[in-house]
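Peer 1: Provided below for reference: sequence and predicted model.
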Amino acid sequence: MAIVNVTDQNFTEETSEGLVLADFWAPWCGPCKMIAPVLEEIDGEMEDKVQIVKLDVDENQETAGKYGVMSIPTLLLIKDGNVVDQVIGFQPKEALVDLINKHA
């Protein structure tokens, strides 16, 4: 599975089933740019365990507000539509893999 860009309109639908890592980001955010290649790697290695989605907070403020996202990048781990974990800021690949495996 490839990383999917989601919007306010389809966020709930895209995160309603299975394990989903949602990346709340913005184009101007330095740490967001740093974490992007890490997420690409994880997507390539763990696509059978987790779907990764990206939500641009500048264009989709409703969803960011609903989940109380104040800082970016914020990563929400969502299982069957419910948030089960959250991390804020740049995270090394190992930390994100551990987070996913904890809930997979």
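Peer 2: That came in fine, so what should we check first?

Peer 1: against P92, how distant is the closest residue to V87 other than its chain neighbours?
Peer 2: On the basis of Cβ to Cβ, 6 or more residues apart in numbering, the spatially nearest residue to V87 that is not a chain neighbour turns out to be L75, at 4.9 Å. Where C-beta positions appear, they are placed from N, C-alpha and C, glycine not excepted. Between L75 and P92 the distance, using Cβ to Cβ, to the nearest Å, works out to 12 Å.

Peer 1: of the two, which one has the most company?
Peer 2: The residue with more neighbours, out of L75 and P92, is L75; 22 against 10, by other Cβ atoms under 10 Å.

Peer 1: tell me how many other residues surround V20.
Peer 2: 22.

Peer 1: related to what we said a few turns ago, the helix or strand where the residue nearest to V87 lies: what's the following helix or strand?
Peer 2: If you go by DSSP states H and E, L75 is part of strand 74-79. On the C-terminal side of strand 74-79, the closest following helix or strand by DSSP H and E is strand 82-88.
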